[in-house]
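Student: A structural model of the following input is requested.
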Amino acid sequence: MVKQATLVKNIFVTSGAGELGRVTIRQLVKRGHRVTGQVESEEDAVTLRKLGAEAVVANPRNIAQLSAALSKVRPEVVLNLIPQEANTLLHDGHNWQNFDLTLLPATNALLTAAKVAGVKFLIHASSAFLYGNTHAATEESPLKPPSGAGFTALVEAEKAIASGAKNHQIPLSLLRLGFLYGPQSRDLSLYEDSFNLRRPYYAGPANNLSNFLHFEDAVNALVLVVEKQPAGEIFNVVDGSPVSFGEFMDTFAHYLGKPRPGHIPPAAKPLINGFIFSAQFKVLELSTSVSNAKISQNLGWKPSYPDYKVGLEQTVQNWKGDVAKAKL
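Tutor: Sure thing, here's the model as predicted:
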């Protein structure tokens, strides 16, 4: 039985139909909160209603639509997950396409709508790879992202949300998440399909480190921030065990019972440039390790999957359980 939150809150979640949005909304509903998710189609609205949430169909870049939605819902807390739409494991990086054209207009629209609706607390979910080539980055470490429109948009969105929240006197928490994975990950399921066909993948340089985060641990952190509302704080939310992208994916293949996949070498970049979005090349060419000590010490958050191996094993076992259930 899920223990109900001490104080029920009225929460509005942007990008509610995304993978992180759905699992977060499910957990917030279980905690007893009143939750409304922003979606862009009636089909997605039906999905959220099945989770026990309300849903509003609105273009996140449209100030009028978003203001009308928030004014109707009157949420105390807004959880902005739109920055997570580019959080992709796929080596082709398809989620980066036009991401910069969405994020900044959506951020500015959300700030205007939040002011109109009298929102009491904002949470903005950004990305840990923005620290760039850094060892043991803390929340005080400077952001050193690669060049490119998508990365610039992520940094500018952080600046805009911080400035706008201050100007509108809306308390804010900013979270920087690792690369998300888990049973809900469509990216991982597509890699499984690729491994079945014995296709190689682009893993980036072998010794470069990335920071990962199981969906369940991401949701637990978001729920903690929703309920405790630590105003003015930035938190790194990663599992604390950075590993190369190639090692992560090869371990995934191992748990699936597949041979070690081939790696497309970095020297072959010119040959595959048209198949992989440039931003994903740049992400995989970073070597970043990030500390999660602050959220652990301040909020008591601990990852249930502190190592990619236990998280990937749980993912595969979950999938096998689902297959077994489907056969009953």
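
Student: In contact with V57, which residues?
Tutor: Remark: with contacts taken as C-beta atoms under 8 Å, 6 or more residues apart in numbering, V57 is in contact with 39-42, 44-45. C-beta: built from backbone N, CA, C; applies to glycine.

Student: which one among the residues you listed gets closest to G148?
Tutor: For those, the closest approach to G148 (C-beta to C-beta) belongs to E40, at 25.0 Å.

Student: and the closest one, how many neighbours?
Tutor: By the criterion of other C-beta atoms under 10 Å, E40 has 14 neighbours.

Student: wait, doesn't it sit right on N59?
Tutor: Yes: the criterion here is C-beta atoms under 8 Å, and E40 meets it with N59 at 6.5 Å.

Student: looking at this structure, which helix or strand is least sure?
Tutor: helix 269-272 (a mean of 80; mean pLDDT, DSSP states H and E).

Student: List the buried residues in the helix or strand following that one.
Tutor: Scanning forward in sequence from helix 269-272 by DSSP states H and E, the next helix or strand is helix 278-284. For helix 278-284, burial by neighbour count (16 or more other C-beta atoms under 10 Å) applies to 278-284.

Student: What separation is there between the residue nearest to L172 when sequence neighbours are not counted and S296?
Tutor: In this structure, L172 finds its nearest non-sequential neighbour in A165, 3.9 Å apart by C-beta to C-beta, 6 or more residues apart in numbering. Taking C-beta to C-beta, to the nearest Å as the measure, A165 falls 25 Å from S296.

Student: And those two? Which one has more around it.
Tutor: A count of neighbours by other C-beta under 10 Å puts A165 above the other of A165 and S296, at 23 against 16.

Student: Not counting sequence-adjacent ones, nearest residue to I276?
Tutor: In space, and not counting its chain neighbours, I276 is closest to D92: 5.1 Å by C-beta to C-beta, 6+ apart.

Student: Ok, F215 next?
Tutor: Distances taken as C-beta to C-beta, 6+ apart place G182 nearest to F215, at 3.7 Å, with adjacent residues excluded.

Student: cool, W96 as well?
Tutor: Closest to W96 by C-beta to C-beta, 6+ apart is A279, at 4.1 Å.

Student: E285 versus that neighbour, what's the distance?
Tutor: A279 is 11 Å from E285, by C-beta to C-beta.

Student: what do these two both touch?
Tutor: Taking C-beta under 8 Å, 6+ apart as the contact rule, the neighbours common to A279 and E285 are P146.

Student: And the strands in the stretch 151-300 of the chain, which stretches?
Tutor: Assigned by DSSP state E, counting those that start in this stretch, the stretch 151-300 of the chain shows strands spanning 172-177, 179-181, 201-202, 212-214, 233-237, 263-264, 288-290.

Student: Pick the most buried one from those strands.
Tutor: Comparing these on average neighbours per residue, with mean count of other C-beta atoms under 10 Å, the densest one is strand 212-214 at a mean of 27.

Student: per-residue confidence averaged over that strand?
Tutor: Strand 212-214 carries an average pLDDT of 98.

Student: Neighbouring strands - and their directions - for it?
Tutor: Here strand 212-214 is paired, per DSSP bridges, with strand 179-181 (parallel).

Student: Next, the residue nearest to I276: phi, psi?
Tutor: Main-chain torsions, D92, degrees, to the nearest 10: phi -80, psi -20.

Student: That one touches I272, doesn't it?
Tutor: No: counting by C-beta under 8 Å, D92 stays clear of I272, with 9.2 Å between them.

Student: Quick check: which ranges of this protein have low pLDDT?
Tutor: Scanning the chain with the threshold set as pLDDT under 70 gives 1-6, 323-328.

Student: Spatially central, which residue of it would that be?
Tutor: Closest to where the C-alpha atoms of the chain average out (C-alpha atoms, centre = their mean) is Q84, at 4.0 Å.
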